[in-house]
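J.: Can you look at this prediction? I've put the sequence above it.
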Amino acid sequence: MSNRIILNTVSHHGKGAIAQIPAIAKTKGFKHIFVCSDPDLIKFGVTAKVTDLLDKEGIAYTVYSGIKPNPTIENVKEGVEAFKACGADSIITIGGGSSMDTAKAIGIIITNPEFSDVRSLEGVAPTKNHAVPTIAVPTTAGTAAEVTINYVITDTEKERKFVCVDEHDIPEVAIVDPDMMSSMPKGLTAATGMDALTHAIEGYTTKAAWEMTDMFHLEAIRLIAKNLRGAVDNIPENREGMALAQYVAGMGFSNVGLGIAHSIAHTLGAHYDTAHGVACAMMLPIVMEYNQEYTGEKYREIARAMGVQGVDSMTAQEYRKAAVDAVKQLSKDVGIPEKNEKVKEEDLDTLAADAYADACRPGNPRDTSVEELKELYRKIML
């Protein structure tokens with residue numbers, strides 16, 4: 001059996017990294033850039049940090065901001081038409097997962113028009129051409145969409161999210177600049193940081209995990225445990241630490257998949273518009289407890305990376321509990337709620353069926369069932 005690693009062609013990291021964008025655009029011969037960013041980032045001047053650089057260098061661009069949290073099929077279709085209308089030849093996507101997921105779908109459909117039905121991209125779509133050349137600039141420290149081959153789109157008609165996995169969608173260039181994340185409010189910093197932790201822990205324990213991705217995931221867990229609390233308090237060095245941590249987690253999970261914490265989080269977002277990071281944070285310790293007997297000695301290393309002392313003298317039961325407790329404490333410390341008042345008993349059949357059908361479910365270390373998934377949902381109900 002062979003293992004595959006797909007990463008950006010190049011990535012730039014650190015404060016001020018966005019200054020590289022005009023030179024990259026010129027080197028790649030971009031003539032007209034489609035800037036994909038969400039309305040709030042435009043309103044608060046975050047997108048302008050990049051477009052001002054393009055203006056200064058006389059690089060033509062068109063801004064598309066028709067993006068919602070949990071981006072929809074309609075967002076993607078509108079974006080495809082806007083891209084065609086402006087005659088763009090490239091994309092810069094600025095934002096969190098919503099902007100980047102929208103941009104990925106647009107970029108894939110432009111170069112693979114036979115997939116213009118957005119639903120046809122679900123799962124592993126057999127596209128033939130790489131997406132439109134893309135520079136990805138994250139403004140949140142969580143999704144790692146700038147380095148992954150995954151994106152998630154919401155089907156509002158069917159009230160479900162679907163995961164798309166396509167090696168052709170990864171942005172060629174990632175610009176990971178913590179200054180672009182400095183305006184994140186506390187709640188968003190906490191939620192996206194816990195999303196990154198969920199990526200790291202689920203990626204570390206997924207069925208497809210192997211030595212190289214284990215290395216990425218353990219370092220990501222260590223960096224998140226060290227930096228997330230400070231990042232929520234907007235301490236610059238912790239912002240920088242989280243910017244790196246979420247990218248490192250993305251290097252891993254993009255190549256080995258995730259588990260049912262994400263499957264459940266996707267349904268909570270689709271049905272109730274629950275913020276993805278909040279949903280992940282609610283479910284992560286619950287799913288860790290559910291999976292613990294199927295993870296070998298990995299929870300010992302999770303506990304160690306989370307900063308737990310004395311793990312080598314603990315029994316398996318002790319270090320597994322220590323790992324779960326450390327995750328619970330971090331989530332509590334950054335203000336994530338434990339319960340979701342919107343989840344109702346009458347919704348569980350649909351929620352569990354959708355989670356079971358989700359593309360992340362097969363990677364979970366423990367095989368599950370619809371009935372078992374219902375029990376996991378019940379743990380976050382009021």
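T.: That came through, no problem.

J.: ok, now which ones touch the closest residue to F34 other than its chain neighbours?
T.: Take F34 and drop its neighbours on the chain: the residue closest to it by Cβ to Cβ, 6 or more residues apart in numbering is A88, 3.8 Å away. Quick note: C-beta positions are derived from backbone N, CA and C, even for glycine. Residues in contact with A88, defined by Cβ atoms under 8 Å, 6 or more residues apart in numbering, are 32-34, 61-62, 132.

J.: Same check on T93?
T.: With the criterion set at Cβ under 8 Å, 6+ apart, T93 makes contact with 35-37, 99-100, 102-104, 134-137, 171.

J.: G230 contacts E237, correct?
T.: Yes - counting by Cβ atoms under 8 Å, E237 is a contact partner of G230 at 7.3 Å.

J.: Settle it for me: which of these two has more neighbours?
T.: G230 (15 against 11; other Cβ atoms under 10 Å).

J.: so who does the more buried one touch?
T.: G230 neighbours (Cβ under 8 Å, 6+ apart): 237-238, 241.

J.: Tabulate these (a markdown table), appending distance to E345 and secondary structure.
T.: Converted to a markdown table, the contacts of G230 look like this (distance: Cβ to Cβ, whole Å; DSSP: H, G, I helix; E, B strand; the rest coil):
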| residue | distance to E345 | secondary structure |
| --- | --- | --- |
| E237 | 46 | helix |
| N238 | 40 | helix |
| G241 | 41 | helix |
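
J.: Stretch 76-84: which residues count as buried?
T.: 76-80, 82-83 (16 or more other Cβ atoms under 10 Å).

J.: That one: how far from the chain's middle?
T.: 23 Å (Cα atoms, centre = their mean, to the nearest Å).

J.: what does stretch 313-328 give?
T.: Counting by Cα atoms, centre = their mean, stretch 313-328 comes out at 26 Å from the chain centroid.

J.: Same check on stretch 275-287?
T.: Per Cα atoms, centre = their mean, the centroid offset for stretch 275-287 relative to its chain is 13 Å.

J.: Could you do stretch 154-173 as well?
T.: For stretch 154-173, the separation from the chain centroid amounts to 11 Å (computed by Cα atoms, centre = their mean).

J.: mind saving the C-alpha coords of it as PDB?
T.: Below are the C-alpha coordinates for stretch 154-173, written out as PDB (Å, rounded to 0.1, in the frame of the first residue of the first chain):
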ATOM      1  CA  THR A 154     -24.500  23.400   1.500                       C
ATOM      2  CA  ASP A 155     -27.500  22.200  -0.400                       C
ATOM      3  CA  THR A 156     -30.200  24.400   1.100                       C
ATOM      4  CA  GLU A 157     -33.000  22.600  -0.800                       C
ATOM      5  CA  LYS A 158     -32.100  19.300   0.800                       C
ATOM      6  CA  GLU A 159     -30.900  20.800   4.100                       C
ATOM      7  CA  ARG A 160     -27.500  19.000   3.900                       C
ATOM      8  CA  LYS A 161     -23.900  19.700   3.500                       C
ATOM      9  CA  PHE A 162     -21.800  17.700   1.100                       C
ATOM     10  CA  VAL A 163     -18.000  17.200   1.100                       C
ATOM     11  CA  CYS A 164     -16.000  17.400  -2.100                       C
ATOM     12  CA  VAL A 165     -12.500  15.900  -2.300                       C
ATOM     13  CA  ASP A 166     -10.500  16.700  -5.400                       C
ATOM     14  CA  GLU A 167      -6.700  16.900  -5.800                       C
ATOM     15  CA  HIS A 168      -7.300  19.400  -8.500                       C
ATOM     16  CA  ASP A 169      -8.800  22.000  -6.200                       C
ATOM     17  CA  ILE A 170      -5.800  22.800  -4.000                       C
ATOM     18  CA  PRO A 171      -4.600  26.400  -4.300                       C
ATOM     19  CA  GLU A 172      -1.100  26.600  -5.900                       C
ATOM     20  CA  VAL A 173      -0.100  29.300  -3.500                       C
END
